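> here is my input, please return the structure:
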Amino acid sequence: MGPRLSIVTPVFDPPPAALRSCINSVLGQAHADWEWILVDDGSRSPEVLSILDEVGRHPRVTVVLRSENRGIVAASNDALERLTGEFVVLLDHDDALEPGILATVLTALDEAITPVDYLYTDEAHVDLAGRVTVPFPKPPWSPERFRSSMYTCHLSVLRRDAVVEVGGFRAGFDGSQDHDLVLRVTERAAARGHAVVHLPVMGYQWRTVTTSVSRSTHTVGRAVESGRLAVQEQCDRLGIDATVEHGPLEGTYRLRRVRASGTTACVVVASELRPPRQRPNTLRALSTLNSIAPVEVDTNFVIAYPADAPADLVDLLDDAIRRGWRLVPVVGGFGLADAIDQSLTAYPADVLVSVAPGIVARPDLTPDWLDSLVGLATSKGAGVAGGLLCDPDGTVIHAGWELPDYRSYPLEGRQAGDATVGHDLLIERETSQVSLALAAVTRRQWEEARPSVRGWWHEAGATTSGALSYVGARNLWTPYARFDRCAPVSFELPG
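Predicted structure coming up:
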């Protein structure tokens with residue numbers, strides 16, 4: 001019986017010291033149930049070739065020497081043809097495995113209740129000297145995030161049969177070959193009911209200054225375009241009606257979704273029409289209404305307020321009414337859930353979009369915010385889709401909540417657009433919960449969650465998100481719907 005783990009490493013003129021570190025990290029693994037196939041893709045360095053000759057004498061190591069450089073995809077496929085293990089382990093020629101990680105991986109695979117097609121670990125970014133510069137803890141499997149960024153990176157372990165079935169590495173995707181392969185393998189896993197597993201241990205050292213194809217300056221443009229193409233092809237395969245564009249940072253992508261024809265929406269701003277004491281002729285809600293142009297096709301724009309609100313305060317809404325806003329006087333006790341229910345009764349829609357009073361749209365930064373929210377909310381398996389809330393200076397108020405929080409840094413208090421290690425503020429992604437201060441949810445999902453919904457913006461979002469997570473829905477977050485707080489707003493209290 002052959003080894004269970006087959007390590008695959010394409011090699012092309014890495015720094016010799018980094019290659020030796022890589023080799024030592026593999027040979028030092030305590031668990032013996034592995035083999036290693038290194039395919040040299042025409043290296044010219046005598047020292048690299050000498051190192052490969054030396055390691056090739058190890059009984060569990062196979063070194064394949066190619067006379068010409070044909071690229072990382074061809075080299076990786078050469079390795080696939082020679083391996084015999086049940087699982088394929090991807091290792092770059094200038095990175096390193098953490099001690100004992102292969103044994104830990106095998107234990108996780110053995111203990112999994114469902115067959116595992118893909119497993120990934122956390123990683124540490126290190127410099128050439130091997131010093132950790134950035135730890136990268138990762139979230140559980142997040143398909144939306146993965147379409148936006150190849151966040152799983154290393155260590156990646158894939159079931160060999162799955163890799164073979166999807167055709168291995170594809171020509172033309174050099175630099176993003178792992179992203180493309182994992183997209184296809186995880187599609188297969190979802191179709192077969194197999195598992196994708198996140199192993200939350202630091203299993204891999206990723207060198208940030210290297211000669212890897214995906215990180216070389218002269219090839220990075222080609223690599224990120226290959227990644228964009230890989231994501232677009234997945235959207236086409238899965239029937240996701242979206243155009244994939246390059247994101248704000250190299251290696252990130254945006255799915256610009258097309259709102260399905262005839263999909264109706266109801267934008268609800270729920271306000272108690274409570275004016276500030278020092279300015280009795282103004283309302284927080286007016287700034288919100290004035291920032292939104294109520295002209296979208298198949299969309300009703302509603303201001304919901306207590307039916308017993310003073311007439312002089314309701315009169316302040318006259319300009320909004322002339323511009324297209326509709327009024328829904330809420331009968332009975334005034335709460336957010338009641339305001340939403342009565343708004344959807346008055347103006348039925350496929351999708352509810354909730355907006356808190358006192359925040360203003362930023363169409364200069366996110367002009368298609370409504371379609372972004374509706375597109376996410378109507379995507380397959382979606383629960384609540386939330387947006388980005390900021391102070392006027394760009395300080396993040398809300399960008400989704402993680403339960404538990406796997407990050408080593410908070411998102412609240414950072415600047416919108418900050419490039420965190422996980423690109424969290426730059427990409428669409430799954431998240432545990434979002435606030436209803438800026439969110440969209442289909443009417444069907446709202447009715448599913450409604451018995452659990454309580455409180456105002458943040459609490460209502462948490463309870464709605466929790467209820468939908470419980471039935472298997474994916475709550476989502478997008479940076480492409482941004483609103484800024486323009487007045488003191490408590491997201492736990494009525495507006």
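> the most centrally placed residue in the chain and residue 264: what is the separation?
Centroid check for the chain by CA atoms, centre = their mean gives residue 145 as the closest residue, at 1.7 Å. Separation of residue 145 from residue 264 (CB to CB, to the nearest Å): 29 Å. (Each C-beta comes from the backbone N, C-alpha and C, glycine too.)
> how about the residue nearest to the centre of the chain, phi and psi?
phi -60, psi -40 (degrees, to the nearest 10).
> roughly how far does it sit from residue 288?
From residue 145 to residue 288 the distance is 30 Å (CB to CB).
> quick revisit: confidence score at the residue nearest to the centre of the chain?
pLDDT recorded at residue 145 is 97.
> what's the burial count for the nearest residue to it once chain neighbours are set aside?
Residue nearest to residue 145 in three dimensions, not counting chain neighbours: residue 429, with 3.7 Å by CB to CB, 6 or more residues apart in numbering. When neighbours are defined as other CB atoms under 10 Å, residue 429 has 27 of them.
> hey, what's residue 429 bridged with?
residue 477 (DSSP bridges).
> ok, it - contacts?
By CB atoms under 8 Å, 6 or more residues apart in numbering, the residues touching residue 429 are 139, 142, 144, 145, 148, 400, 476, 477.
> go again using 6 Å as the cut-off
142, 144, 145, 477 (CB atoms under 6 Å, 6 or more residues apart in numbering).
> for the residues you listed, give me a markdown table that also has distance to residue 295.
Listed next are the contacts of residue 429 as a markdown table, based on distance: CB to CB, whole Å:
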| residue | distance to residue 295 |
| --- | --- |
| 142 | 34 |
| 144 | 29 |
| 145 | 33 |
| 477 | 26 |
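> buried subset of the residues you listed as a PyMOL selection?
Remark: buried members of the contacts of residue 429, expressed as a PyMOL selection using 16 or more other CB atoms under 10 Å:
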select buried, resi 142+144+145+477
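> what packs against the host helix or strand of residue 444?
Using DSSP states H and E, residue 444 maps to helix 443-449. Secondary-structure packing of helix 443-449 (3 or more CB pairs under 6 Å, 6 or more residues apart in numbering; DSSP states H and E): helix 457-470.
> try 10 Å this time
helix 336-346, strand 351-355, strand 382-390, strand 438-442, helix 457-470 (3 or more CB pairs under 10 Å, 6 or more residues apart in numbering; DSSP states H and E).
> indicate which one of the ones you listed is closest to residue 74.
strand 382-390 (38.9 Å; CB to CB).
> quick revisit: for the helix holding residue 444, which outside residues touch it?
Applying CB atoms under 10 Å, 6 or more residues apart in numbering, the contact partners of helix 443-449 are 264-266, 337, 340-341, 344, 348-352, 354, 377-378, 382-384, 440-442, 453, 460, 463-471, 473.
> now do the buried residues in that helix.
443, 445, 446, 448, 449.
> and if you look at stretch 37-51?
Neighbour-count burial for stretch 37-51 [16+ other CB under 10 Å]: 37, 38, 39, 40, 41, 43, 48, 49, 51.
> span of that stretch from start to end?
14 Å (CA to CA, to the nearest Å).
> any idea of the mean pLDDT for it?
94.
> hmm, back to that, of the contacts of helix 443-449, grab the buried ones for ChimeraX.
Restricted to buried positions by 16+ other CB under 10 Å, the ChimeraX selection for the contacts of helix 443-449 reads:
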select :265,266,337,340,341,344,349,350,351,352,354,377,378,382,383,384,440,441,442,453,460,463,464,465,466,467,468,469,473
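> hmm, back to that, okay if I get the helices and strands packed on helix 443-449 as TSV plus distance to residue 57 and mean pLDDT?
Listed next are those as TSV, based on distance: least, CB to CB, whole Å; pLDDT from 0 to 100:
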stretch	distance to residue 57	mean pLDDT
helix 336-346	70	97
strand 351-355	63	98
strand 382-390	54	98
strand 438-442	60	98
helix 457-470	53	97
